[in-house]
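1. My questions concern the predicted model and sequence given below.
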Amino acid sequence: METETKTTQSYSEQWYWDERYTNESDPFDWYQNYTSLAPLINLYVPRRTHPVLVIGCGNSAFSEGMVDDGYEDVVSIDISSVVIDAMNKKHSDRPQLKYLKMDVRDMKVFEDASFDAVIDKGIHCLFIIPSALCCGSNSRQHSTQMLEEVWRVLKDKGVYILITYGAPDYRLRLFKDSRSWTTKLHVIDKSLTDHQPLETSKWELTKPIPLDAEGSSVESALGKSPDVHYIYVCIKDESLKREADTA
């Protein structure tokens, strides 16, 4: 348990990912690949000429999949210089793909309202996990910093799409506490891959799950412990933020 806790605490550190990507160079996609998620991405990010940000990209082929699908400006960031150097070298002939070394908690390189969409396949989870394993961690602070930056770089009505294993009860509280979002929830089978057609999925990917303020309606819709990844589609709404500030 001590080793597990120490490793988990390292997830937000550059040295951990530099070491990992030095030793693991094969492409790896966390929480689904682009093919399985494409119908949802196309639904919420219809304008393919507008810029999209993929955070915590690692050596995933997700951004490449977006460009293959017609998206023209996909910016991907990661805290690891090792993986960013490798991805820039790999895709040097594709100007639609840009890879930058950056900490998602501090994206000052980007101006306010720079992106139509921010896509997160699990990076937010890395800031939440430690709080369940060790007292006194800064996971909540890191999570808040990240969500503040995501909010800032999104255009009004832009979408933050989070793909995670995390159930709604805790995630919905975080979104509510951090900023004013209009949040929708979708699910996808954990076992779904690009070799398995969407028609075999138990859940309809593009149909939102009924969602109340506390997330208690999800269990009614899905049952207990469903074998799914949760997809939170958080729509930035500056009018809600203004209402919250004046309340």
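-> Yep, that arrived. Numbering: from 1, shown residues only.

2. Pull the number of nearby residues for Leu205.
-> Neighbour count of Leu205, defined by other Cβ atoms under 10 Å: 19. Using the backbone N, CA and C atoms, a C-beta is placed for each residue, glycine as well.

3. before we move on, what about Asp116?
-> One way to gauge burial is a neighbour count; for Asp116, by other Cβ under 10 Å, it gives 21.

4. So what touches the helix or strand containing it?
-> Here Asp116 is covered by strand 115-120, with elements defined by DSSP states H and E. Outside of strand 115-120, the residues within contact range by Cβ atoms under 8 Å, 6 or more residues apart in numbering are 41, 44-45, 47, 50-56, 62, 75, 150, 153-155, 158-163.

5. Just the buried residues of those residues.
-> Among the contacts of strand 115-120, those that count as buried by neighbour count (16 or more other Cβ atoms under 10 Å) are 41, 44-45, 51-56, 62, 75, 150, 153-155, 158-163.

6. can you tell me which of the residues you listed are in helices?
-> Of the positions in the buried ones among the contacts of strand 115-120, Ile41, Tyr44, Phe62, Val150, Val153 sit in helices, assigned by DSSP state H.

7. Turn these into TSV, columns for pLDDT and distance to Asp120.
-> Putting those into TSV (pLDDT from 0 to 100; distance: Cβ to Cβ, whole Å) gives the following:
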residue	pLDDT	distance to Asp120
Ile41	97	12
Tyr44	98	13
Phe62	95	11
Val150	94	8
Val153	97	12
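
8. Could I get the buried residue list for stretch 108-119?
-> The neighbour-count check on stretch 108-119 (16+ other Cβ under 10 Å) flags Phe110, Ser114, Phe115, Asp116, Ala117, Val118, Ile119 as buried.

9. Throw the residues you listed into TSV and include pLDDT and distance to Thr183, thanks.
-> As requested, the buried residues of stretch 108-119 are exported to TSV (pLDDT from 0 to 100; distance: Cβ to Cβ, whole Å):
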residue	pLDDT	distance to Thr183
Phe110	98	23
Ser114	98	22
Phe115	98	18
Asp116	97	17
Ala117	98	15
Val118	97	14
Ile119	96	15
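
10. Can I get the strand holding Asp116 in PDB? Just the C-alpha atoms.
-> Included here for strand 115-120 are C-alpha records, laid out as PDB according to Å, rounded to 0.1, in the frame of the first residue of the first chain:
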ATOM      1  CA  PHE A 115     -10.500  27.000 -27.600                       C
ATOM      2  CA  ASP A 116     -13.900  25.600 -28.600                       C
ATOM      3  CA  ALA A 117     -13.300  22.400 -26.700                       C
ATOM      4  CA  VAL A 118     -11.000  20.900 -24.100                       C
ATOM      5  CA  ILE A 119     -10.800  17.100 -24.100                       C
ATOM      6  CA  ASP A 120      -9.500  15.300 -21.000                       C
END
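
11. tell me how far it is from the chain's mean position?
-> For strand 115-120, the separation from the chain centroid amounts to 8 Å (computed by Cα atoms, centre = their mean, to the nearest Å).

12. With stretch 163-180 instead?
-> Distance, centroid of stretch 163-180 to centroid of chain: 12 Å (Cα atoms, centre = their mean).

13. so Arg152 sits right up against Asp112, yeah?
-> Yes: using Cβ atoms under 8 Å as the test, Arg152 is close enough to Asp112 to be in contact (5.5 Å).

14. Kindly provide the distance from the residue positioned nearest the centre of the chain to Glu19.
-> For the chain, the residue whose C-alpha lies nearest the mean C-alpha position (Cα atoms, centre = their mean) is Asp120; its distance is 1.2 Å. Using Cβ to Cβ, to the nearest Å, one obtains 23 Å as the distance from Asp120 to Glu19.
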